[in-house]
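Novice: any chance you could fold what I've pasted below:
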Amino acid sequence: MDHEYLPARLTVAALVHWQGRFLLVEEAIRGELRFNQPAGHVEAGETLIEAARRELKEETGLEAQPTAWLGNYLFKPADSEATFLRTALVFDLHTDPGLHRPADPDGDVLACHWFTLAEIAQRRAALRSPLVWQCIQDYLAGTRLPCAPCKPSSSA
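Specialist: Predicted coordinates:
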């Protein structure tokens, strides 16, 4: 039996939550303002967790350890040949994140925002993809998958 393989681009996303707010980054995509979780492509030699932590730091200036795996998501934009496989990790913060700014080497991130669910709903048309909303809905539904590598090691 022949199988047609799905070429996919591997990406990661950091769903960051603190005191009822979600961290989104504001980006300029093809001249339009869009909102996304800190996210990006996995680089050669990185684990998914390393990639998510790197993207979080680059796009927001925050350093954090994921607390759970949220899930894997497929998305094929209508205006693209590519299909994206997105692994989303949860970063539940337990301390004030303080002041932070994007240190994005690509220059794509304009600002970081801590939004409530209602504020995100108001911006739903400006979300980078439907996966941003889906990840938040899954998080609010209580989805948390075990992720042994997400736990900090006792030697750290």
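Novice: which parts of the chain are helices?
Specialist: All helices of the chain, identified by DSSP state H, fall at 48-60, 117-122, 130-140.
Novice: buried residues, the second one. List them.
Specialist: In terms of neighbour count (16 or more other CB atoms under 10 Å), helix 117-122 has its buried residues at I120. All C-beta atoms are positioned from the backbone trio N, CA, C, and that covers glycine.
Novice: now it: mean pLDDT?
Specialist: Mean pLDDT, computed over helix 117-122, is 98.
Novice: and for the longest one?
Specialist: For helix 48-60, mean pLDDT rounds to 95.
Novice: hey, which of the helices of the chain is tucked in deepest?
Specialist: Ranked by average neighbour count under the criterion mean count of other CB atoms under 10 Å, the helices of the chain are headed by helix 48-60 at a mean of 22.
Novice: circling back to that earlier point, so for L93, which of the helices of the chain sits nearest?
Specialist: L93 lies closest to helix 48-60 among the helices of the chain, at 10.9 Å (CB to CB).
Novice: between the helices of the chain, which one is nearest to P77?
Specialist: Using CB to CB, these put helix 130-140 closest to P77, at 9.7 Å.
Novice: on that earlier part again, output the helices of the chain as TSV; include the columns distance to R86.
Specialist: TSV is the format used below for the helices of the chain (distance: least, CB to CB, whole Å):
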stretch	distance to R86
helix 48-60	10
helix 117-122	17
helix 130-140	6
